[in-house]
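*Asks:* When you get a sec, could you give me coordinates for this:
(2 chains)
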Amino acid sequence: DQQVKQNSPSLSVQEGRISILNCDYTNSMFDYFLWYKKYPAEGPTFLISISSIKDKNEDGRFTVFLNKSAKHLSLHIVPSQPGDSAVYFCAAGGGADGLTFGKGTHLIIQP
Amino acid sequence: EPEVTQTPSHQVTQMGQEVILRCVPISNHLYFYWYRQILGQKVEFLVSFYNNEISEKSEIFDDQFSVERPDGSNFTLKIRSTKLEDSAMYFCASSVARQYFGPGTRLLVL
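*Replies:* Predicted structure coming up:
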């Protein structure tokens, strides 16, 4: 039972354009959502998070949008840069609970 | 920026052997976690630890697994009798608010 779903295993975007990564969840008890970026042979690196009381959080080139009624969140990266090429994981949790991860989306930024 | 560290980076073991994976969480963090990622699959939560006891564990975390905080800095995951399907990357994480992940230990069970 996948409580957190990332339906796109990969996404290819041209440098300078917007990258949009999507994530859906089924558990309405989740109250905290995070995006992690992962390079091969490294641990997940925190990127940005959003609490369920908000619908948008922005940090530099990264913006996360949360639509609670649709149980959907998205990560926007603009403009996309070559160093953004990585696997992006959506994760969800509540408080100090263990996180539930999606399967990840491999983002490829093309020059 | 402070980091979570893990040792060893790679471990190869024979099926049935015991392994101990070590983690040094960030010093002022209060919550500690272990996750694993089997090759090609998603990162899966194993266990969380707070105030010297397990606060939550997943179905994966059965009797062959145990965690310990033997001193003020280390946090360990012990797998008592390894199976082939235990081969995975094991990530430690620690948090005050959001979770910081270590670089992982790649465990290969032969």
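*Asks:* The spatially most central residue of chain B pairs with what?
*Replies:* The centroid of chain B falls nearest to B:W34 when counting by Cα atoms, centre = their mean (3.7 Å). According to DSSP bridges, the residues that bridge with B:W34 are B:V47, B:C92.
*Asks:* residues touching it, list them.
*Replies:* Taking Cβ atoms under 8 Å, 6 or more residues apart in numbering or on different chains, we find B:W34 in contact with B:21, B:23, B:46-47, B:67, B:77, B:90-93. For the C-beta atoms, the positions are set from N, CA and C on the backbone; glycine is no exception.
*Asks:* Need the residues you listed in TSV (columns: neighbour count and pLDDT).
*Replies:* Compiled in TSV, the contacts of B:W34 are given as follows (neighbours: other Cβ atoms under 10 Å in any protein chain shown; pLDDT from 0 to 100):
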residue	neighbour count	pLDDT
B:L21	23	98
B:C23	25	97
B:L46	21	97
B:V47	20	96
B:V67	22	96
B:L77	24	98
B:Y90	22	97
B:F91	27	97
B:C92	29	97
B:A93	28	96
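*Asks:* now, which of the residues you listed sits nearest chain A?
*Replies:* Among those, B:F91 lies closest to chain A (Cβ to the nearest Cβ), at 5.2 Å.
*Asks:* Quick check: that closest one touching B:Y35?
*Replies:* Yes - the pair B:F91 and B:Y35 qualifies as a contact (Cβ atoms under 8 Å) at a distance of 4.5 Å.
*Asks:* Pull up the overlap in contacts between those two.
*Replies:* With contacts defined as Cβ under 8 Å, 6+ apart, the residues shared by B:F91 and B:Y35 are B:43, B:101.
*Asks:* wait, A:L75 sits on A:R61?
*Replies:* No - under the criterion of Cβ under 8 Å, A:L75 is not in contact with A:R61, lying 10.5 Å apart.
*Asks:* higher neighbour count, the two?
*Replies:* Just comparing A:L75 and A:R61: by other Cβ atoms under 10 Å in any protein chain shown the higher neighbour count belongs to A:L75, 23 against 14.
*Asks:* leaving aside the residues next to it on the chain, what's closest to the more buried one?
*Replies:* Of all residues not flanking A:L75 in the chain, A:L21 sits nearest, at 4.5 Å (Cβ to Cβ, 6 or more residues apart in numbering or on different chains).
*Asks:* Contacts for the helix or strand that contains the one you found, please.
*Replies:* Secondary-structure element containing A:L21, defined by DSSP states H and E: strand A:19-25. With contact meaning Cβ under 8 Å, 6+ apart, strand A:19-25 is reached by A:3-8, A:11, A:13, A:33, A:35, A:70-78, A:80, A:84, A:88, A:90, A:92, A:102, A:105, A:107, A:109.
*Asks:* redo that, cut-off 7 Å
*Replies:* Taking Cβ atoms under 7 Å, 6 or more residues apart in numbering or on different chains as the criterion, the residues outside strand A:19-25 that touch it are A:3-8, A:11, A:13, A:71-77, A:80, A:84, A:88, A:90, A:92, A:102, A:105, A:107.
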